[in-house]
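**Q** my questions are about this predicted structure, shown below with the sequence.
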Amino acid sequence: MQLELPDGDSIDVEQGTRVIDVAYDIGKGLGDATVGATLDGELMDLRDEITREGTFEIITVDSPQALEITRHTAAHVMAQAVKGVFDDVELAIGPAIDDGFYYDFDMGHSLSEEDFDAIKEEMENIVESDYDVERYSMPIDEAREYLEEQGEEYKVELLEEFEEEGETELTFYRQDGFTDLCRGPHLQSTGQLKHFDLLDVAGAYWRGDEDNKMLQRLYGTAFTSQKDLEEFITRRKEAKERDHRRLGPELDLFTFHPEVGPGLVYWHPKGAEMLNVIKDFWREKHREAGYDFVSTPHIGKSDLWQKSGHLDYFREDMFPPMEEENQEYFIKPMNCPFHIQIYQSRTRSYRALPLRWAELGTVYRHERSGVLHGLLRARGFTQDDAHIFATPDQVKDEIIGVIDLTFDILSAFGFDDYEIALSTKPEKSVGEQGKWDKATESLRQALEELDLDYEVEEGEGAFYGPKIDVHLEDALGRLWQTTTVQFDFNLPERFGITYTGSDGREHQPYMVHRAILGTLERFFGILVEHYKGAFPVWLSPLQAVVLPVTADNNEYAEGVAEKISDAGIRVEARTDQDEQLSRQIHEAQLEKIPYMLVVGDNEEGTGEVSLRLRTEEDLGPRPLDEFIEFAKDKIDEKALL
RNA sequence: GCCGGCGUAGCUCAGCGGCAGAGCGGCUGAUUCGUAAUCAGUAGGUCGGUGGUUCAAAUCCACUCGCCGGCUCCA
């Protein structure tokens, strides 16, 4: 049997040879370092037998593909260590994940970070002992008996599930005295695990179901090189430094006042300024794209929310009602029912469609207390909402229009990497099949025509319609959900909205609900983290600051600031402080102000300003007008600096 | 909502049964200074809240509110 190797050579092996034996045949060094292989790209355990021909690649401890295997074994090593350190530990599951691995335990002792050192030390011992990781299998009944005897009731539950799926034999992995029901693949021996760390401890429901018992989840990570591990730790630290919840108050942009109400944002002057820049830009873009603007109330009677279905499906996310003359009023969690009121205020002809109605609509949702997360998950937020009402033959072009507008807007903020998902009809849904097909197809065609890569997520659509979601990637490579484009078959049906077609008959329009930034709050939070608070000039609340070298230059500084301000640039002269220049620069740096203009006797004599960028570059003196032109260009170009 | 951790000055934190502390920031004064922190003085507190244990509670206990990390949720 021929196996083709990555270097182009091929080797002859007998059917049924194990991966590890092939590796040792090639060389002992390779064999010792082997942790698995891929056959035609498919991951194999090193203990697997090769049963067919194909492109064969050995994965060694140092290969990037070894990551998953390494982490999986790391999870076992950690579990063994926890069992070694504490008594009465029951194992649940312990998979490798994107950033590392975890293991869920049911145990009497309540884990905390104080236990990390002891667990890590025990892990080091297991690694140093370099135990072989053996694989073996057992008939399912024997396995059940074994697990029951071990008191591993969670594993028994898993086993029963495998049994239902028709499995008759189960694989186990064993190292030293530690045995775990596991599919693999795993490393050869615990000594191959070298670069790992423990990260966090948290609660997690068994099987992710909140009706089940809460287990203790221990998170860790492992890499194939020390450098990667260190980079990962650094990136975590970097993410912490970018946390908008820290930067926001620090830069005087916004604060929360949980004693007044958790999840509600207070925008300070600088934050509000920036928010207004975003809103102005958003309105301009929407006007250009043919949207009209509407504005609707914040509360509505329960009848409306009953009719829209919110009281049946969304009530627990709504704030409790207030009563007025025996009527219940609810504060709006969504804008759509209100836009529908406007639609229904008169009859609509096909000639008037499509209607594109946009509103920066502030809504309130009673998010469960544990999910709040600064601006990214708040209880009061402003959606950059719009509803499009269209005829069937307009739908596709409307979707293309929305997607075009999306990338036009997002790229202006410096986001150029996206992941797009198309979610199709779920099991439970409303609306005719024909409409689902038509709508889903229009979403697909729009993506195809725009030549965009996307993933189809079957059955992940909302019950009321298919959707496209856009996740944008930030400077740290993290993905954030912003844009959503959703068809809605529910509300048109419930409210019975219609238009008169060219045939003189009544038809139900397609309704598309879409938000591009998502919510202003969330988008703002993403901007803060993406730019680490050092915003592009056009967004910066304060774009320039004039710093007098001594108080003698104050008058000149004021004059300079006035001219800059007259040019429409947001500027401030720091003439009320009387601090040393280096001190003023220090403060301006911390405020991340894009342009610092130093004015002393030299500049005052020549009518110039000395320009320093927040990137610590001193660009030297230049005429004031030249700076103004420079700054205006940068603002127009939406340049970073 | 659930599990765990944490709430001390505006911020970052020390103190962990016996007088409430530091640095930064604020304020006042001096300094008039050329590209990331001048010097001196000074004010600032219901130790998240309520109740309890104790001769004595920031410190120990219970409850509660909030924050943080996850889980679940994100029609």
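**A** Done, it's in.
**Q** please compute how far stretch A:268-286 lies from its chain's middle.
**A** Distance of stretch A:268-286 from the chain centroid (CA atoms, centre = their mean, to the nearest Å) equals 23 Å.
**Q** for the stretch 1-150 of chain A, which segments count as helices?
**A** Per DSSP state H, counting those that start in this stretch, the stretch 1-150 of chain A carries helices over the ranges A:19-26, A:28-33, A:66-85, A:116-129, A:140-150.
**Q** RNA strand B is nearest to which of these?
**A** Of all the helices of the stretch 1-150 of chain A, helix A:116-129 sits nearest to RNA strand B, with 11.8 Å by CB to the nearest atom of the strand. All C-beta atoms are positioned from the backbone trio N, CA, C, and that covers glycine.
**Q** which residues does the residue nearest to A:Gln508 when sequence neighbours are not counted contact?
**A** Sequence neighbours aside, A:Pro492 is the residue nearest to A:Gln508 in space, at 5.2 Å (criterion: CB to CB, 6 or more residues apart in numbering). Applying CB atoms under 8 Å, 6 or more residues apart in numbering to A:Pro492 gives the contacts A:Gln508, A:Pro509, A:Tyr510, A:Met511.
**Q** between those, which is nearest RNA strand B?
**A** Nearest to RNA strand B among these, with distances taken as CB to the nearest atom of the strand, is A:Met511, at 11.9 Å.
**Q** the closest one: neighbour count?
**A** By the criterion of other CB atoms under 10 Å, A:Met511 has 26 neighbours.
**Q** tell me which of the helices of the stretch 1-150 of chain A approaches A:His257 most closely.
**A** Proximity to A:His257 (CB to CB) singles out helix A:116-129 among the helices of the stretch 1-150 of chain A, at 34.6 Å.
**Q** which ones among the contacts of A:Pro492 are found in strands?
**A** A:Tyr510, A:Met511 (DSSP state E).
**Q** taking the stretch 351-500 of chain A, what residue is nearest to RNA strand B?
**A** A:Gly370 (2.2 Å).
**Q** doesn't that residue belong to a helix?
**A** Yes - counting by DSSP: H, G, I helix; E, B strand; the rest coil, A:Gly370 is found in a helix.
**Q** OK, contacts around the residue in the stretch 401-550 of chain A that RNA strand B sits nearest to?
**A** As assessed by CB to the nearest atom of the strand, RNA strand B sits closest to A:Thr550 within the stretch 401-550 of chain A, at 3.3 Å. By CB under 8 Å, 6+ apart, the contact list for A:Thr550 reads A:Gly600.
**Q** let me see the backbone angles for it.
**A** phi -130, psi 170 (degrees, to the nearest 10).
**Q** distance of it from A:Gln150?
**A** 79 Å (CB to CB, to the nearest Å).
**Q** SS state for the nearest residue to A:Asp312 once chain neighbours are set aside?
**A** Counting by CB to CB, 6+ apart, A:Gln306 is the residue found nearest to A:Asp312 once chain neighbours are left out, at 7.7 Å. What three-state DSSP gives for A:Gln306 is helix.
**Q** low-confidence stretches in the stretch 501-641 of chain A?
**A** Residue ranges of the stretch 501-641 of chain A with pLDDT under 70: none are present.
**Q** buried deepest among the helices of the stretch 1-150 of chain A, which one?
**A** Across the helices of the stretch 1-150 of chain A, averaging neighbours per residue (mean count of other CB atoms under 10 Å) puts helix A:66-85 on top, at a mean of 24.
**Q** thinking again about what came up before, between the contacts of A:Pro492, which is nearest A:Trp206?
**A** Distance to A:Trp206, by CB to CB, is smallest for A:Met511 among the contacts of A:Pro492, at 40.4 Å.
**Q** check contacts around that closest one.
**A** A:His387, A:Ile388, A:Phe389, A:Phe487, A:Asp488, A:Phe489, A:Leu491, A:Pro492, A:Ile497.
**Q** most neighbours, which of those residues?
**A** Ranking the contacts of A:Met511 using other CB under 10 Å puts A:Phe487 first, with 29 neighbours.
**Q** isn't that residue right next to A:Lys438, touching?
**A** No - look at A:Phe487 against A:Lys438 with CB atoms under 8 Å: they stay out of range, at 9.2 Å.
**Q** C-alpha coordinates for the helix or strand encompassing A:Phe330, CSV please?
**A** Using DSSP states H and E, A:Phe330 sits within strand A:327-331. The C-alpha trace of strand A:327-331 is given here as CSV (Å, rounded to 0.1, in the frame of the first residue of the first chain):
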residue,chain,number,x,y,z
GLN,A,327,-53.9,50.2,30.8
GLU,A,328,-50.5,48.5,30.9
TYR,A,329,-47.7,50.2,29.1
PHE,A,330,-44.4,48.5,28.2
ILE,A,331,-41.1,50.2,27.4
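**Q** from the chain's centroid, how far away is the helix or strand just after it?
**A** Note on strand A:327-331: by DSSP H and E, the next helix or strand toward the C-terminus is helix A:336-343. Put simply, helix A:336-343 sits 31 Å off its chain's centre (CA atoms, centre = their mean).
**Q** other SSEs contacting helix A:336-343?
**A** helix A:302-308, strand A:355-364, strand A:380-390, helix A:490-495 (3 or more CB pairs under 8 Å, 6 or more residues apart in numbering; DSSP states H and E).
**Q** pLDDT of the third one, averaged?
**A** If you average the pLDDT over strand A:380-390, you get 96.
**Q** ok, that strand near RNA strand B or not?
**A** No - residues of strand A:380-390 contacting RNA strand B under CB under 7 Å from any atom of the strand: none, with a closest distance of 11.0 Å.
**Q** re earlier: turn the helices of the stretch 1-150 of chain A into CSV, columns for mean pLDDT and distance to RNA strand B.
**A** Compiled in CSV, these are given as follows (pLDDT from 0 to 100; distance: least, CB to the nearest atom of the strand, whole Å):
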stretch, mean pLDDT, distance to RNA strand B
helix A:19-26, 90, 33
helix A:28-33, 89, 33
helix A:66-85, 92, 15
helix A:116-129, 92, 12
helix A:140-150, 91, 24
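**Q** pretty sure A:Glu163 is touching A:Pro139, no?
**A** No - look at A:Glu163 against A:Pro139 with CB under 8 Å: they stay out of range, at 11.1 Å.
**Q** tell me the residues of the stretch 301-450 of chain A that contact RNA strand B?
**A** Residues of the stretch 301-450 of chain A lying near RNA strand B (CB under 7 Å from any atom of the strand): A:309-310, A:312-314, A:317, A:367-374, A:377.
**Q** which of A:Glu163 and A:Pro139 has more residues huddled nearby?
**A** Remark: of A:Glu163 and A:Pro139, A:Glu163 carries more neighbours, 15 against 11, as counted by other CB under 10 Å.
**Q** from RNA strand B, how far off is the more buried one?
**A** Per CB to the nearest atom of the strand, to the nearest Å, A:Glu163 is found 24 Å from RNA strand B.
**Q** element containing that residue?
**A** Here A:Glu163 is assigned to helix A:153-164, by DSSP H and E.
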